[in-house]
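[1] Kindly generate the corresponding structure for this input.
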Amino acid sequence: MPINPVSVVVLAAGEGKRMRSNTPKVLHPVAGRSMLTRVLDTANALSPQAIYGVYGHAGDTVRSACADYTVSWVHQAEQLGTGHAVAQALSAIPDDHQVLVLCGDVPLIRATTLQALMAQADGAVGVLTVELETPTGYGRILRDADGTVIGVVEEKDASPAQRQITEVNAGLMCLPAGHLREWLSELDTGNAQGEYYLTDCISQAHAQGVPVHTYACPDPWEVQGVNDRAQLAAVERACQRRQAHALMRDQGLALADPDRFDLRGSLQVGRDCFIDVDVIIEGDVVLGDNVQIGAFTQIRDTHIAAGTRLLGHCQIEDTHIGEDCQVGPFARLRPGTSLAKDARVGNFVEVKQTQVGPGSKINHLAYVGDATLGAGVNVGAGTITCNYDGKRKHHTAIGDHVFIGSNSALVAPLEIGNGVTIGAGTTVRDNIAADCLAVDDRRPRQVDGWRRPGESVVDRHDSDDDSTAKGVR
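    Below is the predicted model of the structure:
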C-alpha cells in the first residue's frame, strides 16, 4: 500500500448517449447493482481519505442513487474531457495526497488490482494498462527505446504506426496531487476531440522527470468500460462468470452450467447443493446442506433449510423453507410464507403470508393466503382461501390433521379445528369445531327438457344435423 494518503476521484458525469436510455449510464445495473455503486464499494475497500464523485448529467438522480455512500460530490457543468473532470475535484485535495482516478462505467475493477497500482505509483505516477489483441477505442501507451513510458496517445490522435500498439491505457491512474494540479492547469484542447485529456499529464510527468510506472491488469474484463447495451451485456456475463466460479471454488456449489446462472445479490450455500440451469438468485439467499434447485427458478431474499428440493419453474420471494420440503414445479411462494419440515407445495400453487405446518401438503392448483396451517394438513386441488373482502385481508386458521377436499372455498375470517374433514366442493363460511365433517350436501338439480333462451328443440336438432352434414367438428 502507498505511504502517501489517497483521495479517490470517480468520474460519473457522462450522459451515455449510446445507451439510448433515460437512466444515467453509470446507474445501469450489473448483477443487480448499479455500475457506480460497484465502483464506490471497491473504492471504499481501499480505505481512502476521501472519495469525490464528479457528476454532470442527471446529477440529482445519480447522487440520490448513492445516498448510502460517503461521497463528496463535485459538479461538472460542461463535459470538456477527463482532465477537466478531475480538475473539478482537485481543489479540495491536499498536495501530499495521491489521486486515484476511477471511472463510474468500469464496474468490474478489483480492489487488489488498484492496491497494486497504488503501490507502484506512490510518490510518482501509476497507469493501469492492459494488453488487447484488438485495442480499438483505447489510448496507446508510448514508450521509448528503453521501455520508459513517455506518454499516452488517444486513438483519434494516433498515427497508423501507433495504432498497432497493443498495450493500452485502461483509463485508471494514480497521480501525485501537487504535480497533478500543475499539469492540469497546462492542458489544452489541441486534439481530435477538442477536449482536455487527463492522459496528457503522462507526457508532462515524463518531461519533468517524474517517474511513470505501469501495472498490467491481469484480467481485461476488470477494465472493460460500458458505453452501449452490447458492452453492458458482455460485462454482465463476465461478472456472472466471476461469481459462479467463486461460488464453485470457495463454497463448493455445484452448477449445471456456470454460464447459465445469475446472481443479483448474495448467496451462501451449504455442502452438496446443486443449482440447475437458468436459475436467478436475487437479494440475500441462504441454502442449507443438500438443497436442490430446479431449472428456471427465481429466488429472492429466502432461506432454504437442508434437504429441500425446489423443482423447476418456481418463483420464491421473502420465504423461509424448512428442512426436507418439496416445492414445485410451477409454484409461487410470496412474501411472508414459511414452510415447516417436510411440507409440500406442488404444481400451480400460490401461497402468500402463510405458515404451513410440518408434513402439510398443498399439492396442486390451489391458492392459500393469510393463513396458518397446522401439522399434517391436506389441501385438495382447486382449494382457495377467500381472504380479501375488497377492503381488508382476513386470516384463516387451520388446525392439525385437517383434510380439505378438492375445489373447496374457505371464506375468511375462519377457524377450522383439529381433525376436521371438509368434503369436496364445499364453501365454508363459519368456524368448524374439531373432529367434524363439513360438507355441502346440496345436490345438483336436473331439469328435463331445458332449453337456452330463444332456442327450441327443433333448432337444436337442426343445428346438430347441419354440423354433421357440413363435416363440422
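
[2] can you give me the helices for this protein?
    If DSSP state H is used as the criterion, the helices of the chain fall at 35-44, 59-65, 82-90, 111-121, 177-185, 200-207, 229-251, 457-469.

[3] Looking at those helices, which is nearest to residue 322?
    Set against residue 322 and scored by C-beta to C-beta, the helices of the chain come closest in helix 229-251, at 21.6 Å. From N, CA and C alone the C-beta is placed, and that goes for glycine too.

[4] re earlier: dump the helices of the chain into a markdown table; add mean pLDDT as well.
    Output for the helices of the chain, formatted as a markdown table (pLDDT from 0 to 100):
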| stretch | mean pLDDT |
| --- | --- |
| helix 35-44 | 98 |
| helix 59-65 | 94 |
| helix 82-90 | 95 |
| helix 111-121 | 95 |
| helix 177-185 | 96 |
| helix 200-207 | 96 |
| helix 229-251 | 97 |
| helix 457-469 | 52 |
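
[5] okay, those helices in TSV with mean neighbour count and distance to residue 28 next?
    What follows is these, written out as TSV (neighbours: other C-beta atoms under 10 Å; distance: least, C-beta to C-beta, whole Å):
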stretch	mean neighbour count	distance to residue 28
helix 35-44	21	6
helix 59-65	15	11
helix 82-90	23	19
helix 111-121	19	22
helix 177-185	18	29
helix 200-207	21	29
helix 229-251	16	6
helix 457-469	10	58
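
[6] closest to residue 282 out of those helices?
    helix 229-251 (12.7 Å).

[7] Outline the domain layout of the chain.
    Following the assignment in automatic domain parsing, the chain carries domains at 6-223, 245-438.

[8] okay, these in JSON lines with distance to residue 229 next?
    Below are the domains of the chain laid out as JSON lines (distance: least, C-beta to C-beta, whole Å):
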{"stretch": "domain 6-223", "distance to residue 229": "6"}
{"stretch": "domain 245-438", "distance to residue 229": "17"}
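
[9] Take the helices of the chain and write them to CSV, including distance to residue 217.
    Written out in CSV, the entries for those read as follows (distance: least, C-beta to C-beta, whole Å):
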stretch, distance to residue 217
helix 35-44, 13
helix 59-65, 26
helix 82-90, 18
helix 111-121, 6
helix 177-185, 22
helix 200-207, 17
helix 229-251, 13
helix 457-469, 75
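
[10] Quick one: closest of these to residue 400.
    Using C-beta to C-beta as the measure, helix 229-251 is the one of the helices of the chain that comes nearest residue 400, at 37.9 Å.

[11] tell me which strands and helices the closest one is in contact with?
    In terms of contact count using 3 or more C-beta pairs under 8 Å, 6 or more residues apart in numbering; DSSP states H and E, helix 229-251 is assigned the packing partners strand 29-30, strand 254-255, strand 261-269.

[12] circling back to that earlier point, which one, of the helices of the chain, ends up nearest to residue 148?
    Of all the helices of the chain, it is helix 200-207 that lies closest to residue 148, at 7.4 Å by C-beta to C-beta.

[13] now the closest one against helix 82-90, angle please.
    Angle, helix 200-207 to helix 82-90, by axes from the mean of the first three to the mean of the last three C-alpha atoms, to 10 degrees: 80 degrees.

[14] what does helix 200-207 rub up against?
    Surrounding helix 200-207, the residues in contact under the criterion C-beta atoms under 8 Å, 6 or more residues apart in numbering are 83, 124-125, 127, 148-152, 173, 175, 179-180, 183-184, 186-187, 211-212.

[15] looking at the domains of the chain, which is closest to residue 454?
    Each of the domains of the chain was checked against residue 454 via C-beta to C-beta, and the shortest separation belongs to domain 245-438, namely 31.1 Å.

[16] Point to the helix or strand of the protein where mean pLDDT is at its lowest.
    Ranked by mean pLDDT, DSSP states H and E, the weakest helix or strand in the chain is helix 457-469, scoring a mean of 52.

[17] Buried members of the contacts of helix 200-207 into ChimeraX, please.
    For the buried members of the contacts of helix 200-207, the matching ChimeraX selection, counting by 16 or more other C-beta atoms under 10 Å, is:
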select :83,124,125,127,149,151,152,173,175,179,180,183,184,187,212
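
[18] which one is residue 59 nearest to, not counting chain neighbours?
    In space, residue 59 comes closest to residue 75 once its chain neighbours are excluded; the distance is 6.4 Å by C-beta to C-beta, 6 or more residues apart in numbering.

[19] just residue 111 next, same as before
    The shortest distance from residue 111 to any residue that is not its chain neighbour, by C-beta to C-beta, 6+ apart, is 4.1 Å, and that residue is residue 45.

[20] doesn't residue 88 make contact with the residue nearest to residue 59?
    Yes. Counting by C-beta atoms under 8 Å, residue 75 does reach residue 88; the two are 7.1 Å apart.

[21] mean confidence for stretch 321-334?
    Averaging pLDDT along stretch 321-334 gives 98.

[22] thinking again about what came up before, quick one: closest of the helices and strands packed on helix 229-251 to residue 163.
    Judged by C-beta to C-beta, the one of these that comes nearest to residue 163 is strand 29-30, at 29.7 Å.

[23] same for that closest one, what does it pack against?
    Taking 3+ C-beta pairs under 8 Å, 6+ apart as the contact cut, strand 29-30 packs with helix 229-251.
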